[in-house]
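Peer 1: could you look at this predicted model? Sequence included:
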Amino acid sequence: MFRNIPLKQVRLWSQVLSFLVFCGGIFLVDWKYWFLPEELFFFLDPLVAVVTYAATGVLASGLMLSLAMVVLALVFGRFFCGWMCPLGSLIDFAEWLFKKRPDPKVKHQDPEKVAQVKFGVLVFVLAASFFSVQWIYFFDPMVIMTRFVGMTAIPVERTFLQGKPFSVLHGEQFVLFVIGILLMSMAASRFWCRFICPLGAFYGLLARFSLFDFKQDGCKGCPKCRKSCPTGAITGPLPSDFRPTECIRCFNCLPVCPVSVRTFGRKTGEQNPRQPVRMPRRTFLFWLSSGIAGSTVLSSHALAGSKAKERLRPPFAAEENAFLDLCVRCQACVNVCPSNALQPLMLQSGLYGLWSPVLVPSSGGCEPACNRCSKVCPTGAIGVFDVHTKYTVKMGTAHLDKSRCVSWADNKPCGKCIPKCPTCAISFVEQPDKKMPVAVDFLLCVGCGICENICRQQTLGPAALVVTAQGRNQVSGVNVDHFLKHLEKKERNENHDH
């Protein structure tokens, strides 16, 4: 079976197509002709599904599609890593670009302890998730690539096609992270996939029971297939000299066989699982205890910080603890935010909140007619909403510092925040001795940050209007009909300006 199919060439086209689809999910969120889910590759990621379910007990409906990848892995083996993974495709491209090839001088029989690291990382990530701490954002290829594409390609797309700036605070760290992964290939081909990636380890465990595998009856013992293997899966001329956990189904070994005895097809009854994963009990306990201990430390109040709940989160975000459990820090919401209002949090709330998205009014306000973050969140950390009901739930509340407000402190007319408020929460108040002083209605304010952004542009130093997380996820007093009329009026004005 598959004897006359050029599998190596088919795999190349599969990688190209998969990479384009992956990037399309980031760029084409609002394009009416894009019919695939924006978070499709997350839905196909069983590791994201398992980790979020372990952390929260909730499995997002879209993540059920990952079961299909589990079934396919049990049939074809670890094919996802070689055919569909966007990070694997990028690594292959970088190795091709810099003429990196498997070095015949490097022993393909990698030290067993080094080869077991990725299985240890898998145990570490799963153990931590059961204690409601996410470590997946350091290791999952879908998360890593979503951040990388967002920080490298979106600035170009926004600048040249939309004429809008795209700025992410400290976004260069995500680019450097991927560059570091690519540089690892200088030590060994597909270094990340062979030694670190927990998703590859997960698929590797399933590959040991796959229905289809390689055969090489009648092998003459030449080393060509071993030299062509980028992951060191082939260790010798015998059928037993093969590690299915390492094979990514690249099929580089098939065309180089001089006697054409190496084939790929359905397993026969004589084929038994070969070279099983042997992780010493002590090593397993080390990774398990590390995941448990690390989660305990990170979730402690000492590192999480007392100000964690004061952070502004995207609209319809889950409660803080549940949000941090669900959020995989993929930055998909940051990538699609048209006003740059969403930014990755650094260490302001400790390591527990690292890279989680926050609303930063100094960068931009949450635009009324936008629900892109809701569309791309793969785990449900940001709840589903549409623009008609967006402001029925508060993100926070704006507070007025009268000592900073021009109208109150200097008795000068301003009021630039009033027409910009999408819910009419800011209005003039009657004060005989003041010119156009303003006040904020707690029920109508939803914490979108637009007023703070406008105020920062008008004042030197801190803004008079400061948005906090007070009232987060409470029902607001916004009249939906009034809000819709406001949106329609804004759209008419924008169309008239154009």
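Peer 2: Now that the structure is in, tell me what you want to look at.

Peer 1: and A398, that's in a strand?
Peer 2: Yes: under DSSP: H, G, I helix; E, B strand; the rest coil, A398 sits within a strand.

Peer 1: heads up, I number from 449, so please use that
Peer 2: Yes, from this point I'll number from 449; that puts the last item at A846.

Peer 1: quick one, strands of the stretch 599-748 of the chain?
Peer 2: 660-663, 711-714 (DSSP state E, counting those that start in this stretch).

Peer 1: most packed of those strands?
Peer 2: Greatest average neighbour count among these goes to strand 660-663 (a mean of 20), per mean count of other C-beta atoms under 10 Å. Just so you know, the C-beta spots here come from the backbone N, C-alpha and C atoms, and that holds for glycine as well.

Peer 1: partners of it in the sheet?
Peer 2: Paired with strand 660-663 in the same sheet, following DSSP bridges, are strand 711-714 (antiparallel).

Peer 1: what is the neighbour count of the closest residue to G652 other than its chain neighbours?
Peer 2: Nearest residue to G652, sequence neighbours excluded (C-beta to C-beta, 6 or more residues apart in numbering): T693, at 3.4 Å. By the criterion of other C-beta atoms under 10 Å, T693 has 25 neighbours.

Peer 1: same list (the strands of the stretch 599-748 of the chain) but as CSV, adding mean pLDDT and distance to C814.
Peer 2: Compiled in CSV, the strands of the stretch 599-748 of the chain are given as follows (pLDDT from 0 to 100; distance: least, C-beta to C-beta, whole Å):
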stretch, mean pLDDT, distance to C814
strand 660-663, 83, 49
strand 711-714, 82, 52
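
Peer 1: what's the closest of those to I898?
Peer 2: Closest approach to I898 among the strands of the stretch 599-748 of the chain (C-beta to C-beta): strand 660-663, 56.0 Å.

Peer 1: how far out from the middle of the chain is that closest one?
Peer 2: Mean-position distance between strand 660-663 and its chain equals 34 Å (C-alpha atoms, centre = their mean, to the nearest Å).

Peer 1: next: stretch 767-785.
Peer 2: With C-alpha atoms, centre = their mean, you get 9 Å for stretch 767-785.

Peer 1: what is the rounded mean pLDDT of that stretch?
Peer 2: Average pLDDT, stretch 767-785: 89.

Peer 1: residues contacting T679?
Peer 2: Listed by C-beta atoms under 8 Å, 6 or more residues apart in numbering, the contact set of T679 reads S637, R638, C641, R642, E694, C695, I696, C698.

Peer 1: ok, now how distant is the closest residue to L455 other than its chain neighbours from L507?
Peer 2: Spatially, and ignoring its direct neighbours in sequence, L455 is nearest to F699 (4.1 Å; C-beta to C-beta, 6+ apart). In this view, F699 and L507 are 34 Å apart by C-beta to C-beta, to the nearest Å.

Peer 1: mind listing the helices for the stretch 699-848 of the chain?
Peer 2: Along the stretch 699-848 of the chain, counting by DSSP state H, counting those that start in this stretch, helices occupy 701-704, 729-746, 749-752, 768-774, 780-784, 820-824.

Peer 1: re earlier: what about the residue nearest to L455, how many residues nearby?
Peer 2: 22.

Peer 1: and if you look at the one 10 residues further on?
Peer 2: By the criterion of other C-beta under 10 Å, V709 has 13 neighbours.

Peer 1: correct me, but it touches F662?
Peer 2: No: shown here, V709 and F662 do not form a contact pair, counting by C-beta atoms under 8 Å, at 10.6 Å.

Peer 1: center of the chain, which residue is that?
Peer 2: In the chain, the centroid-proximal residue (C-alpha atoms, centre = their mean) is C778; its distance is 2.1 Å.

Peer 1: still on that earlier bit, which of the helices of the stretch 699-848 of the chain comes out lowest on mean pLDDT?
Peer 2: helix 749-752 (a mean of 48).

Peer 1: wait, which of the helices of the stretch 699-848 of the chain is closest to G897?
Peer 2: The nearest among the helices of the stretch 699-848 of the chain, by C-beta to C-beta, is helix 820-824 at 13.7 Å.

Peer 1: where are the low-confidence patches of the stretch 799-946 of the chain?
Peer 2: Filtered on pLDDT under 70, the stretch 799-946 of the chain yields the residue ranges 881-884, 930-946.

Peer 1: kind regards, and thank you for your time.
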